[in-house]
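give me coordinates for this.
(chains A, B and C)
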Amino acid sequence: MEYFIELLFSGLTRGSIYALIALGYTMVYGIIGLINFAHGEIYMIGAFTSFIVATVLSIYGFPLLAIVLLAGLAAAVWSASYGFTVEKVAYRPLRHAPRLSPLISAIGMSMFLQNYVLLAQTSDFLPFPQLIPDFDFMEPYAHVVASSDLAILVTTALVMVGLTLLIKFSRIGKAMRATAQDRTMAMLVGINVDRVISTTFVIGSALAAIGGMLIASHVGQINFFIGFIAGIKAFTAAVLGGIGSIPGAVLGGFVLGLTESFATGYVSSDYEDVFAFSLLVLILIFKPSGLLGKADIQKV
Amino acid sequence: MISFQELKRSLLVSLWFVFLTFPLMVIKVDPIERIVSWRWENAVFVAIGSFVVSMLVRVFFVQKQRRRERLAAGTLVEREPLIQVILREPRYLYPLVAAVALFALLFPFLFSTYQTNIMITALMYVVLGLGLNIVVGLAGLLDLGYVAFYAVGAYTYALLNLHFDLGFWLVLPIGAMMAALFGVMLGFPVLRLRGDYLAIVTLGFGEIIRLILENWNEFSRGPSGIANISRPGFFGVEMSLESAILYLYYLMMALVVITIFVVNRLQDSRIGRAWIALREDEIACQAMGIDKTKTKLTAFALGATWAGMVGVVFAAKTTFINPASFTFMESAIILCIVVLGGMGSILGVIIGALVLILLPEYLRAFSDYRMLAFGAVLVTMMIFRPQGIIANVRRTYRFEKKQAE
Amino acid sequence: MSTPVLQVTGLSMDFGGIHAMSELDLDVQAGEIVALIGPNGAGKTTFFNCVTGIYNPTAGDILLQPPDGKPVRLNGLKPNKVTEQGMARTFQNIRLFSNMTVLENVMIGRHCRTRSYIAGAVFRNRNTRREEQESVDKSYAILEKIGLAEMVNEFAKNLPYGAQRRLEIGRALATEPFLLLLDEPAAGMNPQETQDLDELITRIRNEGHSILLIEHDMKLVMSLSDRIFVMDYGRKIAQGSPQEVSANPDVIKAYLGEDGDA
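This is a model prediction of the structure:
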């Protein structure tokens, strides 16, 4: 029973991270119909940025709370900047090109960013400091639920709520929804579509960065390659929930996280990645609209 | 002339990139020794580099705009690219081909064994590129899992050689057929999928196959791979390393020639046109009587066949294979070759493969930047020259003018 | 004595709650030019899409009657099979193969009437070469017929608009259809082009083809059609000769404001 609860929380934690990253995929796909292949790398850059800032601040003796906040802020700011730049450089020029062109560009961008971090930093696995301390009140449950599990779940929940409020009630949120539905019409009513698209990238990247920092602190190490696998899994989550749907991304994230956790816990841990890839393949082939999405009818 | 406005904008761009790259390029931490190093020189490089690139991009677009204006105004006439002229006129083409052929034949005797070995690798990528070109360039199916067929070929030979002691020449057709079979198997599920979903699913397939090879130890020997694979036999004669490499070189040359011949014929045939129609407009293609399913599966199968053959050669050349050689990166590199060369252009793909494989070898100092460059190539080509180095030219026909009644 | 080449009964098409087409009956007799007209959104192109296999109709029957064979039920057949049976179409928004030459676009139409495959392509045996030459000749003949012979080696995307529309028709003709479906062939054409199109379609019919066309240009419709079917909101609201239809009060009501181009 205890094992089950342990797996449950582990799955929810994974699911949170997948959800945070998946949101970026789903928002971008919803608004410009592009699978942002480089999004996983944005997540990785977030992890690296928070690592660097946290380590520097800790060497200079800053208090833990300040480190956590500043590292998180730095990760969000820089990842958002990378996301913004990638969109401007690699995707915007191709907005009217045939569908495959921006996808190929995204693949190139992903390769570029991966190797950029590799060359600028290192290929080694870097030890990430434990930014989330073990809370005293968690002591009795520590063997099934880690403090960082709780912190991740709470942070993710807060972020989700914030994002939902933003999308639903703010002006920019409305503009984003309008642009996602009909870009031409949005332009005609005076929405600055370019800015809306940039904002989408910025928000998605910031979320991924937070995810990057949380998981890095949880796992304890980072490496330039973590973006690739996390990206694929988060994309699986986004598709599972229904690509383009924000609640879908969250749902998909948790479903994937929990299934992965239980599958590796009760069946086999070697084939963890095979499981995720197989799930991705199966969904795209049999139900590409996902759990919450609508099947789209092609107009001839 | 370059205006002050443009200079200012490039300066701002450059400052942005300095900010952007600051944490990763300038700061380096050693978490164990607890030291922070500040590499300010990197900031300078980024500043200068991004300024220069920004200016170049601006100049490029200005030139493109001017060119377009002059074409529209009639002051500039579109000239046929030199390479097309050469390809068309036999009196240029034949001597050029003869010279290249002669050079290719004499290559191993003009250069060292090491160089020949590199050239064999380059030739392998030429064939891989031409194979992927059928799927991506002609049929327009973005197959990101192409490396899976390469792995199928390699492991077919390795396993048959290991368990049944079968030789290279016997397994070569078997490897090709296995790969074709996998091509059909992997093609079936993706028939209904649209461009980007097809890409992701094929990527998924490629990774699944690699992960299975890595984890199913009883079958594939897992991450440690299979060693002591036999080299291609020459009438049972034992060969030294140099001779083996020589043999492999001419073998690959022959394969390249055959591939060029076959792909060239395919491009200009009923099935070739069907592929291009499929790429151009799937719905219209079907409406014109083309069986979408059969056409797609044929593209996958034929493309896979070449990867399979090169896979067999790869296993024979390196005599050792393991799953690490068949990652997604490989598929990405081959895609890069096709994108750089020009989708659908045989000569372009050949040049693309030679450039992308040989250049890093000869610029050893920059080899670390190889993958970075590949990524940049993909992005740059898509934005600046999506048709590739050599744009695709369709066959022209000559007709006798009929007399008016 | 007339024999129907196309018989559609009770055709309905629903898209998850939206009734795009309800119980439509339509027929085309051999050698006829039939027009399908109606306001925008009436469901005309949906009709084409159902009949040609792009959509699978929710209900109804589509029967194709080849001049020398048994009737074929087209429901659920894939578009390429439909074309093989002898019915070809053009599209409302031009769907040419932009990066192929004009000749090659037409040659694509020959695909379902030829057979050479991989081995033929690679070895170019006698049969393949003969087939290929035949395709080229027949395609060129079609280009001459539609007046595009001069542009034979041009990329389709470089053609002027009117020529592109004609090329689509030529491409469809290459599939050797006995029934030709034209979706707004005159859209965007100037009066001279429309006149040329009128002559072309008449010529095609006189060569033995039956034609079903969707059109908004009333002058062209009145001039060409033997019979007209009128749709509105997915239903047939009238049918008959051009005179009958133009006098029909339901048609006038549905079409208010649409009375032909200058």
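
and the contacts of the helix or strand B:L186 falls within?
Here B:L186 sits within helix B:168-187, counting by DSSP states H and E. Outside of helix B:168-187, the residues within contact range by CB atoms under 8 Å, 6 or more residues apart in numbering or on different chains are B:145, B:148-149, B:152-154, B:156-157, B:160-161, B:166, B:202, B:205, B:230-233, B:296-297, B:299-309, B:311-313, B:316. Placement of C-beta: from N, CA and C, glycine included.

can you do 6 Å?
B:149, B:152-153, B:156-157, B:160, B:205, B:232, B:297, B:300-301, B:304-305, B:307-309, B:312, B:316 (CB atoms under 6 Å, 6 or more residues apart in numbering or on different chains).

for residue 90, the count of nearby residues, please.
Looking at chain A here, since you left the chain open. By the measure other CB atoms under 10 Å in any protein chain shown, the count of residues near A:A90 is 26.

my question was about chain C
Counted with other CB under 10 Å, C:T90 comes out at 27.

wait, what's in contact with it?
C:E168, C:I169, C:A172, C:L182, C:D183 are the contacts of C:T90 under CB under 6 Å, 6+ apart.

at 10 Å instead, please
C:T90 sits next to B:284, B:287, C:48, C:96, C:165-173, C:180-185, C:213-214 when contact means CB atoms under 10 Å, 6 or more residues apart in numbering or on different chains.

ok, back up a step: out of the contacts of helix B:168-187, name the ones that lie in helices.
B:149, B:152-153, B:156-157, B:160, B:205, B:297, B:300-301, B:304-305, B:307-309, B:312, B:316 (DSSP state H).

buried members of those residues into ChimeraX, please.
Selection of buried members from the ones in helices among the contacts of helix B:168-187 for ChimeraX, criterion 16 or more other CB atoms under 10 Å in any protein chain shown:
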select /B:149,152,153,156,157,160,205,297,300,301,304,305,307,308,309,312,316
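
show me which of the ones in helices among the contacts of helix B:168-187 neighbour chain A.
The subset of those within reach of chain A, by CB under 10 Å from any CB of the partner chain, is B:F205.

now do the strands in chain A.
A:126-127, A:221-222 (DSSP state E).

also chain B?
With DSSP E as the criterion, chain B has strands spanning B:27-30, B:35-38.

now the helices for the stretch 101-250 of chain C?
All helices of the stretch 101-250 of chain C, identified by DSSP state H, counting those that start in this stretch, fall at C:102-109, C:118-123, C:126-146, C:161-173, C:191-206, C:218-224, C:242-247, C:249-254.

so what's the nearest residue to B:A227 once chain neighbours are set aside scoring on pLDDT?
Once flanking residues are discounted, B:A227 sits nearest to B:F320: 4.5 Å by CB to CB, 6 or more residues apart in numbering or on different chains. Among the per-residue scores, B:F320 holds a pLDDT of 88.

wait, B:F320 sits on B:I229?
Yes: counting by CB atoms under 10 Å, B:I229 is a contact partner of B:F320 at 6.7 Å.

more crowded one of the two?
Taking neighbours as other CB under 10 Å, B:F320 and B:I229 compare with B:I229 leading, 23 against 14.

any idea how far B:L162 is from the nearest residue to that one once chain neighbours are set aside?
With CB to CB, 6+ apart as the criterion, B:I229 has its nearest non-adjacent residue at 4.6 Å, and that residue is B:T319. According to CB to CB, to the nearest Å, B:T319 stands 11 Å off from B:L162.

common neighbours of the two, please.
B:I226, B:A227, B:N228, B:I229, B:S230.

from the stretch 101-250 of chain C, which residue is nearest to chain A?
C:D183 (9.5 Å; CB to the nearest CB).

now the residue of chain B found nearest chain C, nearest residue through space, not along the chain?
As assessed by CB to the nearest CB, chain C sits closest to B:G289 within chain B, at 2.9 Å. Nearest non-adjacent residue to B:G289, counting by CB to CB, 6+ apart: C:C112, 2.9 Å away.

list the contacts of B:I208.
A:Y271, A:D273, A:V274, A:F275, A:A276, A:F277, A:S278, A:L280, A:V281, B:G145, B:A148, B:L186.

show me the contacts for the closest residue to A:G293 other than its chain neighbours.
Leaving aside its chain neighbours, A:G293 sits nearest to A:G242 (2.8 Å; criterion: CB to CB, 6+ apart). Each residue near A:G242 by CB under 10 Å, 6+ apart is listed here: A:26, A:30, A:248-249, A:251-252, A:283, A:287-294.

who wins for most neighbours among those?
A:A249 leads the contacts of A:G242 on contacts (other CB under 10 Å) with 36 neighbours.

is it true that it touches A:A237?
Yes: between A:A249 and A:A237 there is a contact under CB under 10 Å: 6.6 Å.

show me whatever sits in contact with both of the two.
In contact with both A:A249 and A:A237: A:Y18, A:A19, A:L20, A:I21, A:A22, A:L23, A:Y25, A:T26, A:G290, using CB under 10 Å, 6+ apart.

report the two of these separated the most.
A:L20 and A:G290 (17.8 Å; CB to CB).

around chain A, pick out the residues from the stretch 101-250 of chain C.
Checking the stretch 101-250 of chain C against chain A by CB under 10 Å from any CB, the hits are C:D183.

if we can go back for a sec, and the strands of chain B, which is most packed in?
Ranked by mean neighbour count under mean count of other CB atoms under 10 Å in any protein chain shown, these are led by strand B:27-30, which reaches a mean of 17.

elements contacting that one?
Strand B:27-30 sits against helix A:39-59, strand B:35-38, with contacts defined as 3 or more CB pairs under 10 Å, 6 or more residues apart in numbering or on different chains; DSSP states H and E.

ok so, going back, check contacts around the residue of the stretch 101-250 of chain C closest to chain A.
Per CB under 10 Å, 6+ apart, neighbours of C:D183: A:300, C:36, C:44-45, C:47-49, C:52, C:89-93, C:168, C:212-215.

tell me what it is bridged to.
C:I214 (DSSP bridges).

the lengthiest helix in chain B and chain A, are they touching?
Secondary structure of chain B per DSSP H: the longest helix is helix B:40-73. Yes: judged by CB under 10 Å from any CB, helix B:40-73 and chain A are in contact via B:N42, B:V46, B:V57, B:F61.

any chance of the residues you listed in JSON lines, plus distance to chain C and pLDDT?
Below are the residues of helix B:40-73 next to chain A laid out as JSON lines (distance: CB to the nearest CB, whole Å; pLDDT from 0 to 100):
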{"residue": "B:N42", "distance to chain C": "44", "pLDDT": "83"}
{"residue": "B:V46", "distance to chain C": "39", "pLDDT": "87"}
{"residue": "B:V57", "distance to chain C": "27", "pLDDT": "86"}
{"residue": "B:F61", "distance to chain C": "23", "pLDDT": "84"}
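
sorry, back to before: give me the lowest-pLDDT entry from the contacts of A:G242.
For the contacts of A:G242, the least confident entry is A:K294, with 63.

quick revisit: out of the helices of the stretch 101-250 of chain C, flag the one nearest chain B.
Closest among those, using CB to the nearest CB: helix C:118-123, at 3.4 Å.

is chain B within reach of the closest one?
Yes: using CB under 10 Å from any CB, we find that helix C:118-123 touches chain B at C:I118, C:G120, C:A121, C:V122, C:F123.

which of those residues has the most neighbours?
Highest count within those by other CB under 10 Å belongs to C:G120, 21 neighbours.

give me every residue that touches it.
So C:G120 contacts B:R265, B:S269, B:R270, B:I271, C:T114, C:R126, C:N127, C:T128, C:R129, C:E131, C:E132 (CB under 10 Å, 6+ apart).

please redo it, this time with the cut-off set to 7 Å
C:N127, C:T128 (CB atoms under 7 Å, 6 or more residues apart in numbering or on different chains).

and the pLDDT for it?
C:G120 is assigned 85 on the pLDDT scale.

could you measure from it over to B:L266?
10 Å.

pull up the residues of the stretch 1-150 of chain C that are close to chain B.
With CB under 7 Å from any CB of the partner chain as the criterion, the stretch 1-150 of chain C meets chain B at residues C:52, C:54, C:78-80, C:83-84, C:89, C:91, C:95, C:97-101, C:103-104, C:107-109, C:111-112, C:114, C:116-118, C:121-122, C:124, C:136, C:140.
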